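Student: Next come a sequence and a model predicted from it.
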Amino acid sequence: MVDFKVSKRMLVNFRGQNKVVGGLTDKDKIAILLYISKEFANLDREDQLFSKVILICQEIFESDNTTLRLWDGEFLVPVKFVSETEPPRRNLKSGEGYSGTVFESRKPILVNDLSRSPDFIDEGEKTRSVMCVPIIQKDETLGTLAVESNRENFYIQDDLEILEALTSQLALALSSVRLIEGLVTARAREAAILNQLEWDLKMGRNVQSQILPQDLSAWNGVYFATHYEPMAEVSGDLVDIVRQGHSLTAINIDVSGHGIPAALVTMAIHHQFRRSVMAGLGLTEIMEELGENLREQLPESTYFTAFMVRIFSDYTFGYVNAGHQRMLHYKAADDAFQSYDTKGVPLGILPVRKTDYEEKQGRLEPGDFLLLISDGFSEQRNAEKEEVGVERIQAWLQDEREELLIEGKGKFELKTLSQRFLKRFRSYQGDVPNGDDLSYLFLHCNDSLPEASHYMQMAKQANAKQKTEDSYALASKAFAIDPSLKETLMFLGKMYYRDGNYVESIRYLEEYLKTSGDNTASSHFMMGRAYYKANRISEAKRALKMALSSDHSFAKASILLAQCYLKENAKPKAIKVLQQGVKNTPQNSELKASLVKLEGISQRAS
């Protein structure tokens with residue numbers, strides 16, 4: 001029985017279309033991920049696992065039926081379901097029906113109206129909407145899991161994402177219970193069993209790796225380097241970065257325990273952290289959200305520590321600690337480290353409020369770096385059972401930085417410093433295996449910021465005096481010194497747009513949106529306008545739709561999006577966009593005038 005409440009979904013008819021109301025919220029998704037990991041961890045028989053999967057699908061998706069099929073080498077055999085269908089289920093070949101199609105393609109599907117897809121169902125079947133996901137282990141497709149409803153349009157994309165996450169965990173759990181029950185075939189040798197287990201864990205690591213920061217491009221003069229190393233194949237550590245235009249928020253997390261249970265918890269933490277940051281919460285508020293939304297769903301005796309830092313565009317930063325290893329701040333001007341800590345307890349043990357945590361402030365100067373690091377590094381022992389310790393970490397970093405500055409004539413790459421630090425750590429560790437999961441995140445403020453900023457100020461002054469050539473040259477120098485500065489990217493993007501060079505404008509604006517994390521309506525509108533001028537209409541539509549999703553009352557975005565549809569001779573879509581714009585902003589006269597004009601043209605044409 002699911003031990004949390006999921007709001008009941010209803011199917012309502014709105015303006016002639018069926019809409020799903022209720023169902024899964026973001027909080028439900030986090031609770032479900034944690035619930036699945038906790039429930040699967042307690043199962044040691046295949047029949048228990050299959051029954052639990054069917055029960056979970058019934059409760060969270062309110063399905064009329066759920067069907068688990070496994071591949072026997074020739075057919076997809078229905079091994080578990082809620083109730084028999086009419087006509088009865090039968091074995092399917094690969095590519096046959098929706099389950100066979102999903103098995104063959106290895107891709108999930110969501111079908112809202114099966115009556116329009118007769119090839120997917122047998123004659124007389126009552127199922128009208130279905131989600132079906134492949135069960136994939138290593139490179140092998142084991143079967144499919146289908147969640148079925150007798151009502152059309154009953155599931156949405158969010159449901160499919162949760163079902164995919166459930167099925168990924170099912171593949172891991174299925175391997176575990178088969179090993180526990182000894183259901184490996186007589187022909188499988190011991191080496192093959194161990195190899196299979198190794199592949200299963202690697203698959204878990206691949207799934208978990210998707211939540212690690214994929215984009216380490218610099219943000220406004222701040223550069224990053226990370227390292228993530230599980231003690232086993234999967235880790236209870238996590239590092240993450242969220243860009244938000246005028247600020248960047250980073251976190252380092254350490255979940256108690258190791259292996260798959262701890263790794264699954266990190267996935268739920270990652271989702272809740274990103275959701276909280278994008279909602280605009282402060283650091284202490286995020287700590288409260290992480291603690292309270294996850295505590296009751298954590299497996300027994302599981303908790304986690306976290307250190308969070310938020311850097312602003314002026315290079316000031318705030319930080320909060322929840323029982324984690326202290327953050328290190330290397331100050332280039334002093335050639336010395338300072339460690340940062342605040343009042344705060346680990347999360348997941350007791351109820352917490354934002355007042356249980358303290359936020360403090362600091363500032364990054366050019367050449368400084370911050371280091372968020374898990375205690376797996378400082379507590380690692382060598383062959384003589386001596387710990388690394390924080391002081392030794394600091395000394396290694398100072399020595400390597402100094403050598404790199406000499407080699408690079410006053411410059412060094414953060415990536416190289418990270419690599420050399422790891423080499424020092426390995427040398428000290430010797431042949432002793434890791435005692436814990438390892439993770440860290442460097443955040444380095446570019447030494448050359450003052451020089452780049454100086455050229456940008458000169459470029460602005462030249463632009464104000466209408467010295468266009470000088471302005472371009474100076475801004476380009478600033479860009480060459482540090483291509484990640486938001487101010488430079490936006491300045492060049494606007495300059496090139498003003499002067500009609502839309503290709504170059506797009507180049508800089510795309511880089512700005514990619515690296516800054518700016519998700520405002522005005523920035524997406526600017527991007528859409530440049531695409532439109534360059535006659536890249538499909539990209540312009542995408543950017544303008546993103547602008548309207550950020551601010552549905554943005555009249556200029558609605559008008560330009562309508563113009564995009566007109567360029568494609570899609571007049572009905574253009575009218576629909578303007579109608580929606582007028583509905584959202586009824587006081588806007590320009591929108592009304594555009595709509596009246598377009599509707600008049602349409603009527604005369606008909």
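Tutor: Now that the structure is in, tell me what you want to look at.

Student: what is the rounded mean pLDDT of the longest helix belonging to the chain?
Tutor: What stands out as the longest helix in the chain, according to DSSP state H, is helix 157-181. Across helix 157-181, pLDDT averages out at 81.

Student: and if you look at stretch 71-85?
Tutor: Averaged across stretch 71-85, pLDDT comes to 92.

Student: show me where pLDDT drops low in the protein?
Tutor: Counting by pLDDT under 70, the chain shows low-confidence ranges at 1-26, 28, 179-211, 232-234, 602-606.

Student: thinking again about what came up before, what's the longest helix of the chain packed up against?
Tutor: helix 26-41, helix 46-61, strand 109-111, strand 129-137, strand 140-149, helix 190-209, helix 259-278 (3 or more CB pairs under 8 Å, 6 or more residues apart in numbering; DSSP states H and E). C-beta coordinates here come from the backbone N, C-alpha and C atoms, glycine included.

Student: Can you point out the buried residues in the last one?
Tutor: In this case it means helix 259-278. 259-273, 275-277 (16 or more other CB atoms under 10 Å).

Student: Pull the distance from it to the chain's centre.
Tutor: For helix 259-278, the separation from the chain centroid amounts to 10 Å (computed by CA atoms, centre = their mean, to the nearest Å).

Student: for stretch 301-308, same thing?
Tutor: 19 Å.

Student: do the same with stretch 426-444
Tutor: 25 Å.

Student: export it as CSV, just CAs?
Tutor: Written as CSV, here are the backbone C-alpha positions of stretch 426-444 (Å, rounded to 0.1, in the frame of the first residue of the first chain):
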residue,chain,number,x,y,z
ARG,A,426,46.2,8.6,-5.6
SER,A,427,49.9,8.7,-4.8
TYR,A,428,49.1,9.1,-1.1
GLN,A,429,46.4,6.5,-1.1
GLY,A,430,48.6,3.9,-2.8
ASP,A,431,47.0,0.5,-3.1
VAL,A,432,44.4,1.0,-0.4
PRO,A,433,40.9,0.9,-1.8
ASN,A,434,38.5,3.9,-1.4
GLY,A,435,36.9,4.0,2.0
ASP,A,436,33.9,6.1,0.8
ASP,A,437,32.3,7.6,-2.2
LEU,A,438,34.3,10.6,-3.6
SER,A,439,33.1,13.9,-5.1
TYR,A,440,34.1,17.5,-5.3
LEU,A,441,33.3,20.7,-7.2
PHE,A,442,35.7,23.5,-7.9
LEU,A,443,34.3,27.0,-8.6
HIS,A,444,37.2,29.3,-9.8
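
Student: Am I right that Glu403 is in a helix?
Tutor: Yes. Counting by DSSP: H, G, I helix; E, B strand; the rest coil, Glu403 falls inside a helix.

Student: dump the residue contacts of it.
Tutor: Arg420 (CB atoms under 8 Å, 6 or more residues apart in numbering).

Student: Could you do Pro261 as well?
Tutor: Neighbour list for Pro261: 37, 41, 299, 302 [criterion: CB under 8 Å, 6+ apart].

Student: So which of the residues you listed is surrounded by the most neighbours?
Tutor: Ser37 (25 neighbours; other CB atoms under 10 Å).

Student: pretty sure that residue is touching Leu264, no?
Tutor: Yes. Look at Ser37 against Leu264 with CB atoms under 8 Å: they come within range, at 3.6 Å.

Student: so what sits against both of the two?
Tutor: Residues touching both Ser37 and Leu264 by CB under 8 Å, 6+ apart: Gln169.

Student: Provide the contact partners of stretch 82-100 at residue level.
Tutor: With CB under 8 Å, 6+ apart, stretch 82-100 has contacts from 54, 58, 63-67, 69, 71, 74-78, 81, 101, 103-104, 109, 111, 114, 117, 119-127, 130, 132, 144, 146.

Student: rewinding a little: what residues sit buried inside the longest helix of the chain?
Tutor: Buried residues in helix 157-181, counted by 16+ other CB under 10 Å: 159-160, 162-163, 165-179.

Student: Over to stretch 519-532?
Tutor: 519-521, 523-532.

Student: right, and the pair among those with maximum separation?
Tutor: Longest distance between any two of the buried residues of stretch 519-532 is 19.8 Å, between Asn519 and Tyr532; criterion CB to CB.

Student: between the longest helix of the chain and helix 259-278, how many degrees?
Tutor: 160 degrees (axes from the mean of the first three to the mean of the last three CA atoms, to 10 degrees).

Student: and the angle from helix 157-181 to helix 26-41?
Tutor: 10 degrees.

Student: angle of helix 157-181 against helix 46-61?
Tutor: Interaxial angle, helix 157-181 versus helix 46-61 (the same axes, to 10 degrees): 170 degrees.

Student: sorry, back to before: tell me which of the contacts of Pro261 is nearest to Gln214?
Tutor: Ser37 (23.0 Å).

Student: gap between Asp314 and Glu487?
Tutor: 11 Å (CB to CB, to the nearest Å).

Student: go on, Ala534?
Tutor: Going from Ala534 to Glu487 by CB to CB gives 23 Å.

Student: okay, these two: which has more neighbours?
Tutor: Applying other CB under 10 Å to Ala534 and Glu487 shows that Glu487 carries more neighbours, namely 19 against 16.

Student: For that one, pull up the helix or strand it's in.
Tutor: Assessed by DSSP states H and E, Glu487 sits inside helix 486-498.

Student: Domain-wise, how is the chain divided?
Tutor: Following automatic domain parsing, one finds the domains of the chain at 10-181, 211-447, 450-605.

Student: what are the phi and psi values for Gly389?
Tutor: Phi and psi for Gly389, reported as degrees, to the nearest 10, are phi 80, psi 150.

Student: Touching, it and Ser378? I think so.
Tutor: Yes. With contact defined as CB under 8 Å, Gly389 and Ser378 form a contacting pair (5.8 Å).

Student: Between these two, which has more neighbouring residues?
Tutor: Ser378 (17 against 13).

Student: tell me the contacts of that one?
Tutor: Ser378 is in contact with 325, 387-390, 393, counting by CB under 8 Å, 6+ apart.

Student: how distant is the helix or strand hosting Asn252 from the center of its chain?
Tutor: Asn252 belongs to strand 247-255 when assigned by DSSP H and E. For strand 247-255, the distance from its own C-alpha centre to the chain's C-alpha centre is 13 Å (CA atoms, centre = their mean).

Student: Convert that strand to PDB, retaining C-alpha atoms only.
Tutor: Coordinates of each C-alpha in strand 247-255 appear next as PDB, following Å, rounded to 0.1, in the frame of the first residue of the first chain:
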ATOM      1  CA  SER A 247      23.000  33.700  -9.900                       C
ATOM      2  CA  LEU A 248      24.400  30.200  -9.800                       C
ATOM      3  CA  THR A 249      23.600  27.700  -7.100                       C
ATOM      4  CA  ALA A 250      25.800  24.700  -6.400                       C
ATOM      5  CA  ILE A 251      25.400  21.800  -4.000                       C
ATOM      6  CA  ASN A 252      27.500  18.800  -2.700                       C
ATOM      7  CA  ILE A 253      25.500  16.000  -1.000                       C
ATOM      8  CA  ASP A 254      26.600  12.900   0.800                       C
ATOM      9  CA  VAL A 255      23.900  10.200   1.600                       C
END
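
Student: Kind regards, and thank you for your time.
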